[in-house]
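Visitor: output the structure for:
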Amino acid sequence: MKFLPLLFTIVAFTHAFAPRSTVVSHRPGTSLHVADDAKVVLITGGSQGLGQAMAYDIAKDGQKLVINYIDFPGMKEQADETCEEIKKLGGDAIAVAGDVSKPEDCADMMKAAFEHYGQVDVLINNAGITKDNLMLRMKPEQWAAVLAVNLSGVFFCSQAYFKTAIKKKQPGGRVINIASVSGMLGNPGQANYSSTKGGVISLTRTCAREFAYKNFKCNAICPGFIETAMTAKIDPAILEKTKEMIPLKRLGKPSEIAAMAKFLALNEGADYITGHCFVVDGGVATGCT
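Guide: Okay, here's the model as predicted:
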């Protein structure tokens, strides 16, 4: 089972790294295709990987997006390109840099989003990192770095969102946290990552209970083994062994996670759903409670 940590890492790398500082870029004019009743959706780590896939799927319905990205060389350009593609798909978007592990950056990010669009209807906490190592070899800084982004980042972004939305008397909203099946099952070599994802699941349920009185719905998505750019570089024999472990005998697609996120974010059918974790894993976690 030596390939297990590697494939769970594939899931982790669908996330984007946490950005450093809050900067708003790319303020395009409103797309002609934006819906009259468009929702505003903020996605952390939204300029690449799974975050980008969710952004594109949501944009097809003519929604407005706030794309949070990492403030590293080349990432601003990637975020701007993501915004341009969103416009082509029928949505509208701005790009905002900010370090999700810093409370002040999360507050600034929310301020920028609310100032530009006047509201934020949905927050998708997607940004995440991995620093894998066996527990006996894991350094304190590896443990701390992953917790700072993957768990504290979700807390700080959610806290800033609730504070800002309630202060502006917004009539509720939705929060979607991207967790992982490794947060349910654990995974060798990922004590830090698995712990954060388990924490995200618990935090989701707590937020659901704490903010239901203001009509906020909070849910989590737990992806399993998902196709990414990394899977193309992995030994085909290892991929085949991995598929054999999955009841549906295949890897998931980013579009399948995006579809679940869009349902929870926009569909009226999700208006009475809160405090739950939706597992999209091809059956890997079957029987896990």
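
Visitor: what does Ala229 show for phi and psi?
Guide: In terms of degrees, to the nearest 10, the main-chain angles of Ala229 are phi -60, psi -30.

Visitor: how close does it sit to Gln52?
Guide: 11 Å (C-beta to C-beta, to the nearest Å). The way it works is simple: take the backbone N, C-alpha and C, and place the C-beta from them, glycine included.

Visitor: in the chain, which residue is most central in space?
Guide: Nearest to the mean C-alpha position of the chain, by C-alpha atoms, centre = their mean, lies Asn126 at 1.6 Å.

Visitor: surely it and Gln48 touch.
Guide: No - contact criterion C-beta atoms under 8 Å: Asn126 and Gln48 do not qualify, at 10.2 Å.

Visitor: what's the neighbour count on Lys163?
Guide: Here the count is done by other C-beta atoms under 10 Å, and Lys163 has 13 residues near it.

Visitor: sorry, back to before: got the contact list for the residue nearest to the centre of the chain?
Guide: Contact partners of Asn126, counting by C-beta atoms under 8 Å, 6 or more residues apart in numbering, are His15, Ala16, Ile43, Thr44, Gly45, Gly46, Leu50, Gly51, Met54, Ile178.

Visitor: so how far is Tyr69 from it?
Guide: 11 Å.

Visitor: in the helix or strand where Met109 lies, what's buried?
Guide: Element membership of Met109, judged by DSSP states H and E, is helix 103-117. By neighbour count on 16 or more other C-beta atoms under 10 Å, the buried set for helix 103-117 is Pro103, Asp105, Cys106, Ala107, Asp108, Met109, Met110, Ala112, Ala113, Phe114, His116, Tyr117.

Visitor: hey, where'd the strands end up in the protein?
Guide: 23-25, 40-43, 64-69, 92-97, 122-125, 173-178, 216-223, 277-280 (DSSP state E).

Visitor: quick one: average pLDDT of stretch 113-133?
Guide: Mean pLDDT, taken over the full extent of stretch 113-133, equals 97.

Visitor: with only the CA atoms kept, save that stretch in PDB.
Guide: Below are the C-alpha coordinates for stretch 113-133, written out as PDB (Å, rounded to 0.1, in the frame of the first residue of the first chain):
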ATOM      1  CA  ALA A 113     -15.400  41.600  -2.400                       C
ATOM      2  CA  PHE A 114     -18.300  43.300  -0.600                       C
ATOM      3  CA  GLU A 115     -17.100  46.700  -1.800                       C
ATOM      4  CA  HIS A 116     -17.000  45.600  -5.500                       C
ATOM      5  CA  TYR A 117     -20.200  43.500  -5.600                       C
ATOM      6  CA  GLY A 118     -22.100  44.700  -2.600                       C
ATOM      7  CA  GLN A 119     -22.600  41.200  -1.300                       C
ATOM      8  CA  VAL A 120     -21.100  37.700  -1.100                       C
ATOM      9  CA  ASP A 121     -23.700  35.000  -1.300                       C
ATOM     10  CA  VAL A 122     -21.400  32.000  -1.200                       C
ATOM     11  CA  LEU A 123     -17.900  31.300   0.300                       C
ATOM     12  CA  ILE A 124     -16.100  28.200  -1.000                       C
ATOM     13  CA  ASN A 125     -13.100  27.500   1.200                       C
ATOM     14  CA  ASN A 126     -10.900  25.600  -1.200                       C
ATOM     15  CA  ALA A 127      -7.300  26.800  -0.600                       C
ATOM     16  CA  GLY A 128      -5.000  24.100   0.800                       C
ATOM     17  CA  ILE A 129      -1.500  22.800   0.900                       C
ATOM     18  CA  THR A 130       0.300  19.500   1.700                       C
ATOM     19  CA  LYS A 131       3.700  18.900   3.300                       C
ATOM     20  CA  ASP A 132       3.700  15.100   3.500                       C
ATOM     21  CA  ASN A 133       6.000  13.000   5.700                       C
END
